[in-house]
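Novice: Fold the following.
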Amino acid sequence: MIHQKLNLPPWLLAVIAMLTVQLSSALSVPVVEQVGPAAAGWLRMIFGALLILLFTRPDFRAIRRGDIPALLALGVATGFMAVFFLAAISHIPLGTAVAIEFMGPLLVAAIASHSRRALLWPALALSGVLLMTEPWQGEINFVGAGFALAAGICWGLYNLLTQHVGDRFSGISGLALTIPVAAIATAPFGIPQLLSHNFEWWILPAAAGLALMAPVFAFALEMLALRRMTHTAFGTLLSVEPAFGLLLGALVLTQIPTPLQLLGITIVIIAGAAAQRNGHRTA
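Specialist: Okay, the predicted model is just below:
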């Protein structure tokens, strides 16, 4: 196993995955501008499926009838999480989109918690997210916010289902079973959009490289991390992801954060670090 060989703690696996996801999102902007969010999301899923099947040989005989609904649901949630999020960042800044999208995992973290004290960290993270989104400033882009919220719903379902599938299948073979489902589910939206745009040759290698980052590498790390973390710890630790989105948006897309957004970054990092301290889960 990757994390056993490197002896990495689960929270570090999750942080590396978050950085990879946000970097791939920032680098996806030129592809989205060229072919559209649905097409860009579908290309990432189809290349992701091909790459992961190249490196992983899933044991289809290990699939039980009761596993099929979870595998299908995880595949659909994964595919549309990517499509909705790429649609969101085509309307609103990357950091803002991630902050709004985070409402999904935050809700899962709150619901999964069995302690009132544990709810303090999602609440603290929420205050940081509000500082990053600054809803009191100017007009809200409801289209972008709507897509980000839809991505957040998929993200919350993804976290729940990833842990379930990761517990059932060894290594990252669960990804080899769900990413192809994601590609199939998003194909009816991605293929027509791809055909309606001017296609250039660089789109294919760019999409393949982005797919290697996410879903393949990032989602594999998340699946490994979720084997050893509770929903509450993982979901609240993800509050650091809006900070990564804001920082990478500034570095890659020159979307400069305000002082209040920087304060929000600090708050969500504190909340995420505090949540993971008591979030160990037996592998």
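
Novice: rest of the way, CA atoms for contacts and neighbours
Specialist: OK.

Novice: out of everything not next to it in sequence, what's closest to H197?
Specialist: Using C-alpha to C-alpha, 6 or more residues apart in numbering and skipping residues adjacent in sequence, the residue nearest H197 is V35, 5.5 Å away.

Novice: who does the helix or strand in which A273 is found touch, helix- and strand-wise?
Specialist: According to DSSP states H and E, A273 maps onto helix 259-277. Counting contacts by 3 or more C-alpha pairs under 8 Å, 6 or more residues apart in numbering; DSSP states H and E, helix 259-277 packs against helix 120-133, helix 231-237, helix 240-253.

Novice: okay if I get those as JSON lines plus mean neighbour count?
Specialist: JSON lines is the format used below for the helices and strands packed on helix 259-277 (neighbours: other C-alpha atoms under 10 Å):
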{"stretch": "helix 120-133", "mean neighbour count": "22"}
{"stretch": "helix 231-237", "mean neighbour count": "29"}
{"stretch": "helix 240-253", "mean neighbour count": "22"}
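
Novice: quick one, which of the ones you listed is nearest to I46?
Specialist: Closest to I46 of the helices and strands packed on helix 259-277, according to C-alpha to C-alpha: helix 240-253, at 24.3 Å.

Novice: Just give me the lowest mean pLDDT stretch among the helices and strands packed on helix 259-277.
Specialist: For the helices and strands packed on helix 259-277, mean pLDDT drops lowest on helix 231-237, to a mean of 76.

Novice: quick one, strands of the protein?
Specialist: Counting by DSSP state E, the chain forms no strands at all.

Novice: pLDDT weak spots in it?
Specialist: The chain contains residues with pLDDT under 70 at 1-6, 113-114, 138-139, 171, 276-283.

Novice: At which residues are the helices of it located?
Specialist: Here the chain has its helices, by DSSP state H, at 2-6, 10-35, 37-55, 68-89, 94-101, 103-112, 120-133, 142-168, 173-195, 203-211, 218-226, 231-237, 240-253, 259-277.

Novice: The fifth one versus helix 142-168: what angle between them?
Specialist: So the one you mean is helix 94-101. On the basis of axes from the mean of the first three to the mean of the last three C-alpha atoms, to 10 degrees, helix 94-101 is oriented at 60 degrees to helix 142-168.

Novice: Give me the contacts around helix 94-101.
Specialist: By C-alpha atoms under 8 Å, 6 or more residues apart in numbering, the list of residues contacting helix 94-101 from outside reads 25-26, 85, 88-89, 129-130, 132-133, 144-145, 148-153, 155, 241-247, 249, 255.

Novice: One more pass at 7 Å, please.
Specialist: Applying C-alpha atoms under 7 Å, 6 or more residues apart in numbering, the contact partners of helix 94-101 are 88-89, 129, 132-133, 145, 148-149, 151-152, 242-243, 245-246, 249.

Novice: And that helix, what's buried?
Specialist: Neighbour counts over helix 94-101 (16 or more other C-alpha atoms under 10 Å) mark L94, G95, T96, A97, V98, A99, I100, E101 as buried.

Novice: do the second one as well
Specialist: Of the residues in helix 10-35, those with enough neighbours to count as buried (16+ other C-alpha under 10 Å) are 10-11, 13-15, 17-29, 31-32, 34-35.

Novice: The helix holding A273: how far from the chain's middle?
Specialist: From the chain centre to the centre of helix 259-277 is a distance of 18 Å (C-alpha atoms, centre = their mean, to the nearest Å).

Novice: ok, now stretch 35-50?
Specialist: Stretch 35-50 has its C-alpha centroid displaced from the chain centroid by 15 Å (C-alpha atoms, centre = their mean).

Novice: re earlier: would CSV of the buried residues of helix 94-101 with distance to Q193 be doable?
Specialist: Shown next, in CSV, are the buried residues of helix 94-101 (distance: C-alpha to C-alpha, whole Å):
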residue, distance to Q193
L94, 22
G95, 26
T96, 25
A97, 22
V98, 24
A99, 27
I100, 25
E101, 23
